[in-house]
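Participant: quick check, what structure comes out for this input:
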Amino acid sequence: AVQKLVWYSRRWNIETFFKTLKTGCRIEDIRLATADRLANCIVLCCVVSWRISWLTILRRQSSKTSPAAVFTDTERTLLDRSMPSNKHGTRRDIAFYMTAVARLGGYLDRSSDPPPGTTVLWRDFIRLADLVAGFQAANPNASSTCG
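Facilitator: Residues are numbered from 1 along each chain as shown. Next comes the predicted model:
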């Protein structure tokens, strides 16, 4: 019975993953001609959906994780610059950077707002990727690493 309860407690994370896969990646709208192409696309979308779901869980459950485990130096620098001026001494932890990503797309971060969810993070990670691409295009000498 305990094992079944543990499995059931993970159900919400699985539901969140599939919601991200369906709404973020729009997996149901993909129309590819061959099964191999479809399988490759589904695999890629599963990785992206897993990352967004994982980051949402990570922010809520493990705030002591280093931001360097998730964000590149370039991403952290751009997010630092995008946040409104905060008090000095604000902790730059994983929650800070996840909130900065969410604010890119209009998340207000009011005290009554819940933490950003997968839909908000999905949309805003796309914006962050655009910012990084623009930064790298403007600064060709900047280090380019996959992250």
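
Participant: Phe17 contacts Trp50, doesn't it?
Facilitator: Yes: the pair Phe17 / Trp50 is scored as a contact, 6.5 Å apart, by C-beta atoms under 8 Å. Heads up, the C-betas are built off the backbone N, CA and C, glycines and all.

Participant: neighbour count for these two, which is higher?
Facilitator: Legend: neighbour count by other C-beta atoms under 10 Å for Phe17 and Trp50, higher for Phe17 (19 against 13).

Participant: what does stretch 77-93 rub up against?
Facilitator: For stretch 77-93, contacts defined as C-beta atoms under 8 Å, 6 or more residues apart in numbering pick out 63-65, 67, 71, 76, 96-97, 100-101, 103-104, 128, 131-132, 135.

Participant: give me the subset of those residues that lies in helices.
Facilitator: Counted as lying in helices by DSSP state H, out of the contacts of stretch 77-93, are 76, 96-97, 100-101, 103-104, 128, 131-132, 135.

Participant: JSON lines for these, including pLDDT and neighbour count?
Facilitator: Listed next are the ones in helices among the contacts of stretch 77-93 as JSON lines, based on pLDDT from 0 to 100; neighbours: other C-beta atoms under 10 Å:
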{"residue": "Arg76", "pLDDT": "92", "neighbour count": "17"}
{"residue": "Phe96", "pLDDT": "87", "neighbour count": "19"}
{"residue": "Tyr97", "pLDDT": "89", "neighbour count": "22"}
{"residue": "Ala100", "pLDDT": "90", "neighbour count": "25"}
{"residue": "Val101", "pLDDT": "91", "neighbour count": "25"}
{"residue": "Arg103", "pLDDT": "90", "neighbour count": "18"}
{"residue": "Leu104", "pLDDT": "89", "neighbour count": "21"}
{"residue": "Leu128", "pLDDT": "91", "neighbour count": "21"}
{"residue": "Leu131", "pLDDT": "91", "neighbour count": "17"}
{"residue": "Val132", "pLDDT": "92", "neighbour count": "19"}
{"residue": "Phe135", "pLDDT": "91", "neighbour count": "16"}
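
Participant: just the closest of the residues you listed to Cys25, please.
Facilitator: Nearest to Cys25 among the ones in helices among the contacts of stretch 77-93: Leu128, at 16.8 Å, using C-beta to C-beta.
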